[in-house]
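Visitor: From the sequence below, what's the structure:
(one chain, ligands or ions: 1)
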Amino acid sequence: MKMQAKNLNLYYGTHQALFDVSLEVPENKVVALIGPSGCGKSTFLRTLNRMNDLIDGVQIDGKITLDDRDIYDKDVDLVNLRKRVGMVFQRPNPFPMSIYDNVAYGCRVHGLTDKKRLDEIVEKSLRGAALWDEVKDRLDASAMGMSGGQQQRLCIARVMAVEPEVVLMDEPCSALDPISTMKIEELVQEIKKEYTIVMVTHNMQQAARVSDYTAFFLNGKLIEHDTTDVIFTKPHDKKTEDYITGRFG
Ligand SMILES: Nc1ncnc2c1ncn2[C@@H]1O[C@H](COP(=O)(O)OP(=O)(O)OP(=O)(O)O)[C@@H](O)[C@H]1O
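Guide: Residues are numbered from 1 along each chain as shown. Modelled structure (predicted):
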C-alpha cells in the first residue's frame, strides 16, 4: 500500500472529528472520499500530509504510513513529507507572480537554481497539467490573469513540478465551470499513471467517473470503502446506499 491509515482518531480540542478510521490507498489509483458536509472528509485528507499540524489544538492518535513508514514519527521531516505528498486546494491559489515562477517555485525552495533544468521542469509540468499550449507564449505573464480553470491546472502543475508521489485534492473542481471540471477530471485520469491520488468530492458523478476506490464518511466515521463500482452499484451498508441514492446528505 502506498498509504495506510490505521485506527485514526482526530480531535479539534474536545471535539472528536474522526473515529477509528482505517483506510488503504493503493499506488497509482484514485481514491475518492465522499459524504455529507462536515463528515470529516477534508480533515481526513489533511492528516495524510499533516496539514492539520498547522491548526491549534489538534490531537491525533492512530497511525498513518507512507511506504510503510509512520508519517507521525518524531523524526519525520515535514518539508520532505509535503514534497512527497502534495496538495491541491478547493480554490485555485496561484501565487501573485508569473506563470513560470509559480511552477518553478517549489523547485527553487528545494534549492534548484539551474535555469535550463528549471525551464525543462516548468515545461514538463505544464504539459503534464494540460496547460502548456495555452500558456507557452506568456510564461512571464501574471498567473492572476488566468481563468479559474487555468489557475487550478497551474496549481496542479506547481504540485507536479516537485515530483510528489501522492497528490491530495480537496474538491479541486468546486470553483470551476463544467468544461474546466471535465479537463481536471481527464487530467486526474492521465496523471494517476505516475501518481497516487486521494480526492475529496461532493459530486458523486465525479467520484464515479474518476476514482478506482471510494470511501464513504458519515459523522467522522468511515462507513464503508470498496471499489467505486461496488460502492455505487451494490454497497454493503444501508447508510451508503441511502447516501448514494440521494435519500440524505
Ligand atoms: N479547524 C477546525 N477547528 C475546529 N473544528 C473543525 C476544524 N475544521 C473542521 N472542523 C470540524 O470537524 C468536522 C469535520 O469537518 P471537515 O471539514 O473535515 O468535514 P468535510 O466532510 O470535509 O465537510 P465539507 O464537505 O463541508 O467540506 C466538522 O464538525 C467541523 O466543524
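Visitor: Averaged over its residues, which helix or strand of this structure has the lowest pLDDT?
Guide: Among the helical and strand segments of the chain, the one scoring lowest on mean pLDDT, DSSP states H and E is helix 178-191, with a mean of 89.
Visitor: after the helix or strand encompassing M160, next one along is what?
Guide: Using DSSP states H and E, M160 maps to helix 148-161. Following helix 148-161 in sequence order, the next helix or strand is strand 166-170 (DSSP H and E).
Visitor: Packing partners of the helix holding M160?
Guide: Secondary-structure packing of helix 148-161 (3 or more Cβ pairs under 8 Å, 6 or more residues apart in numbering; DSSP states H and E): strand 85-88, helix 99-109, helix 115-128, helix 132-135, strand 166-170, helix 178-191. The way it works is simple: take the backbone N, C-alpha and C, and place the C-beta from them, glycine included.
Visitor: what about 6 Å?
Guide: strand 85-88, helix 99-109, helix 115-128 (3 or more Cβ pairs under 6 Å, 6 or more residues apart in numbering; DSSP states H and E).
Visitor: Could you say which of the ones you listed is packed most deeply?
Guide: strand 85-88 (a mean of 22; mean count of other Cβ atoms under 10 Å).
Visitor: What strands flank that strand, and is each parallel or antiparallel?
Guide: strand 166-170 (parallel) (DSSP bridges).
Visitor: Which residues does the strand it pairs with contact?
Guide: 42, 45, 48, 85-90, 159, 195-200 (Cβ atoms under 6 Å, 6 or more residues apart in numbering).
Visitor: do that again at 7 Å, thanks
Guide: 2-3, 42, 45, 48-49, 84-90, 159, 195-200 (Cβ atoms under 7 Å, 6 or more residues apart in numbering).
Visitor: cool, stretch 188-202 as well?
Guide: Contacts of stretch 188-202 (Cβ under 7 Å, 6+ apart): 2, 25, 27-34, 41-42, 45, 48, 128, 164-172, 174, 207, 210-211.
Visitor: Show me what from this protein comes close to the ligand.
Guide: Residues of the chain found near the ligand (Cβ under 6 Å from any ligand atom) are 12, 15, 17, 35, 37-43, 55.
Visitor: Adding secondary structure, write those residues out as TSV.
Guide: Shown next, in TSV, are those (DSSP: H, G, I helix; E, B strand; the rest coil):
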residue	secondary structure
Y12	strand
H15	strand
A17	strand
G35	coil
S37	coil
G38	coil
C39	coil
G40	coil
K41	helix
S42	helix
T43	helix
I55	coil
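Visitor: Which among these count as buried?
Guide: Among the residues of the chain next to the ligand, the ones that count as buried by 16 or more other Cβ atoms under 10 Å are 17, 35, 39-43.
Visitor: Correct me if wrong: A143 contacts V103.
Guide: No: between A143 and V103 there is no contact under Cβ atoms under 7 Å: 9.1 Å.
Visitor: Throw the buried ones among the residues of the chain next to the ligand into a markdown table and include distance to L112 and pLDDT, thanks.
Guide: Output for these, formatted as a markdown table (distance: Cβ to Cβ, whole Å; pLDDT from 0 to 100):
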| residue | distance to L112 | pLDDT |
| --- | --- | --- |
| A17 | 38 | 98 |
| G35 | 39 | 95 |
| C39 | 40 | 96 |
| G40 | 37 | 97 |
| K41 | 34 | 96 |
| S42 | 31 | 96 |
| T43 | 33 | 97 |
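Visitor: from those, which two are the most distant?
Guide: A17 and G35 (12.4 Å; Cβ to Cβ).
Visitor: quick one on the thing from earlier: between which two of the residues of the chain next to the ligand is the distance greatest?
Guide: Longest span within the residues of the chain next to the ligand, Cβ to Cβ: G35 and I55, 20.3 Å.
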